[in-house]
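Asks: output the structure for:
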Amino acid sequence: AYNLEPRTLSVALRRGLLGHEVLEHHYKRLMEGVDYSESAHLALNELMNASMKAITNNDMDLASISAELLPRIEEYFKVYESDVRNWRILDVEAIIRAELPDSDNAIWVGRIDVEVYNERGTFKGETQAVDHKFVYNFWNDAALKVNAQLPNYTWAMRQKYPDAYIKRGLVNQIRWRKDAVDKYKRDEVVPTRKKIAKLAANHAAIATKLAKLKQLPVDYVEANVSINASKYNCEYCPFIRLCDARLDDRDVTTMVRGEFKPNSYGYAERND
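Replies: Numbers count the residues shown, from 1 in each chain. So this is what the prediction gives:
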């Protein structure tokens, strides 16, 4: 209801954002025809520059993140150089919009890390979404099976490329922990038509509810939404101080002004 995002992000989020940004620039350059080794070299320079800038600004968290990502990304470029031979990159960090089933006030919007067409290799002729994950440990099979992200991406890609053959998405995991032996893992997620349909309907139901709530005053929303507080949900949530203060009915005006800013992820601003 507040439509905010924190001014200060956690180390985990900053690591993921920086890693995604470096890979975004790399794959965009490849899409534009830049030589692979040159693009990889430029990406590694970006990481080193980020580290030096962080040290200058006394941002030691970012300096540490940049330093730990540098060798991992450098090796990643060597391991996956075949991408440029097997893939034709269609889009990078592109926003996809698609009509949701049975929703009169919400649409599906997502940003896919990389969209590719397989020109050769095992999945020749297929178009697929590629999603980067910077992880401490690899996701297990159960987590991959129940995660809705890749089935939703597959559904949205089919709306964007109606004439393409789209069967699977790819989870591109990069394990950042220093003592990791297995550092890279790619999992093909092949959702069934039934799973895709159910998840799309589920997304539509939740999006429709949230869209209606976002049109209502903050006080009304606070009084009528369900609270789902638990260690699992709340431990790393950047809104935990704000939530705790509102549970005590404390005035959060100063907290909101100092610790948060308007959400920049493409949602319309509230006007109340």
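Asks: can we go C-alpha only for contacts and neighbour counts from here?
Replies: Fine.
Asks: and for residue 18, the neighbour number?
Replies: Residue 18 has 18 neighbouring residues, counting by other Cα atoms under 10 Å.
Asks: toward the C-terminus from the helix or strand it falls within, list the very next helix or strand.
Replies: For residue 18, the host element (DSSP states H and E) is helix 11-31. Under the assignment DSSP H and E, the closest C-terminal helix or strand after helix 11-31 is helix 36-56.
Asks: give the rounded mean pLDDT of that following helix.
Replies: Taken as a whole, helix 36-56 has an average pLDDT of 94.
Asks: against residue 239, how distant is residue 252?
Replies: Per Cα to Cα, to the nearest Å, residue 252 is found 12 Å from residue 239.
Asks: which residues does the residue nearest to residue 60 when sequence neighbours are not counted contact?
Replies: For residue 60, ignoring the flanking residues on the chain, the nearest one in space by Cα to Cα, 6 or more residues apart in numbering is residue 54 at 6.5 Å. By Cα atoms under 8 Å, 6 or more residues apart in numbering, the contact list for residue 54 reads 60, 62-63.
Asks: what is the burial count for residue 30?
Replies: For residue 30, the neighbour count with other Cα under 10 Å is 20.
Asks: contacts only, for it.
Replies: 36, 39, 84, 89.
Asks: wait, isn't the first one in contact with residue 80?
Replies: In other words, residue 36. No: proximity of residue 36 to residue 80 does not meet the contact threshold set by Cα atoms under 8 Å, at 10.5 Å.
Asks: higher neighbour count, the two?
Replies: Between residue 36 and residue 80, counted using other Cα under 10 Å, residue 36 has the larger neighbour count: 19 against 11.
Asks: which residue packs closest to that one, ignoring adjacent ones?
Replies: residue 30 (6.6 Å).
Asks: which pLDDT value belongs to the one you found?
Replies: pLDDT, residue 30: 96.
Asks: correct me, but residue 39 touches residue 26?
Replies: Yes: counting by Cα under 8 Å, residue 39 does reach residue 26; the two are 5.7 Å apart.
Asks: who's more crowded, those two?
Replies: Set side by side, residue 39 and residue 26 show more neighbours around residue 26, with 22 against 19, by other Cα under 10 Å.
Asks: list the buried residues for the helix or strand containing residue 199?
Replies: Per DSSP H and E: residue 199 is located in helix 193-213. Buried positions in helix 193-213, judged by neighbour count with 16 or more other Cα atoms under 10 Å: 196-197, 199-201, 203-205, 207-208, 213.
Asks: same check, this time on stretch 71-86
Replies: Neighbour-count burial for stretch 71-86, counted by 16+ other Cα under 10 Å, picks out 72-73, 77, 83, 86.
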